[in-house]
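Peer 1: Next come a sequence and a model predicted from it.
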Amino acid sequence: MNLQRANFQMVGKLAVVASLMFAFGYALVPLYKAICEMTGLNVLALNEQVVASAKPVLPQNSQVDTTRTITVEFDANSRGPWDFKPAQRSLQVHPGELTTVMYEFQNIQNRRMSAQAIPSYAPQQAAAHFNKVECFCFNQYTLEPGEKKSWPVAFVIDPKLSKDVKTITLSYTFFEVGGRTPAAPVASVKSEIVAVSGT
């Protein structure tokens, strides 16, 4: 009987200790704030003001070479009766900079069609340094008669690209899937000379 009473007393003492520890932990933050305000330190309030007023600082992308500018020209060819074109014909980018452009497509036939695009580059040495993060050329698409679509191309030009290259032409040939797959278009000699010379 004494042993049972001793066990109840021990459980009661442990419950009181656990309750006091919980209460102390719960009251610690207001207690700390009160002490800081009394001593004039008020470190928490100062930190809250700094965090609230500070503008977020985004890390700068050290991979972007802002000392160089490359003109990227966009070209579109279609093998079939449909409209296919870039939303803009050219833009200037820095190597290492993520850039997105849109291509527009419309099926002007009176039947459903499936199609895919094949990319090509001029000069050819740019192909290894033209990294596409997102591209409609990765997939085949099925469009209903008259359906219009806009597709993105997100790319980064590798800063290791030769500094002699000032202009890159990205060309897409859009063809119907199921038909004969066309060969990749070859850029004209003139555009390759322009791209390599940078004039």
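Peer 2: Noted; the coordinates are in hand.

Peer 1: From the recorded domain assignment, give the ranges for the chain.
Peer 2: Here the chain is described, according to automatic domain parsing, as comprising the domains 2-53, 70-197.

Peer 1: Q63: which of those domains is closest?
Peer 2: Of all the domains of the chain, domain 70-197 sits nearest to Q63, with 4.0 Å by C-beta to C-beta. C-beta: built from backbone N, CA, C; applies to glycine.

Peer 1: quick one: that closest one to chain centroid distance?
Peer 2: Averaging C-alpha positions (C-alpha atoms, centre = their mean, to the nearest Å) puts domain 70-197 19 Å from its chain's average.

Peer 1: Using JSON lines, lay out the domains of the chain together with mean neighbour count.
Peer 2: Formatted as JSON lines, the entries for these read as follows, by neighbours: other C-beta atoms under 10 Å:
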{"stretch": "domain 2-53", "mean neighbour count": "10"}
{"stretch": "domain 70-197", "mean neighbour count": "16"}
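
Peer 1: Tabulate these in JSON lines, adding columns for mean pLDDT and distance to V64.
Peer 2: Converted to JSON lines, the domains of the chain look like this (pLDDT from 0 to 100; distance: least, C-beta to C-beta, whole Å):
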{"stretch": "domain 2-53", "mean pLDDT": "69", "distance to V64": "29"}
{"stretch": "domain 70-197", "mean pLDDT": "82", "distance to V64": "4"}
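
Peer 1: Now distance to Q63 too, for those domains, in JSON lines please.
Peer 2: What follows is those, written out as JSON lines (distance: least, C-beta to C-beta, whole Å):
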{"stretch": "domain 2-53", "distance to Q63": "29"}
{"stretch": "domain 70-197", "distance to Q63": "4"}
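
Peer 1: The chain: helices as residue ranges?
Peer 2: Along the chain, the stretches classed as helices by DSSP state H are 2-39, 43-53, 189-197.

Peer 1: what residues are up against the closest residue to L91 other than its chain neighbours?
Peer 2: Distance criterion C-beta to C-beta, 6 or more residues apart in numbering; nearest residue to L91, sequence neighbours excluded, is V72 at 6.0 Å. The neighbourhood of V72, defined by C-beta atoms under 8 Å, 6 or more residues apart in numbering, consists of 90-93, 99, 157, 167-170.
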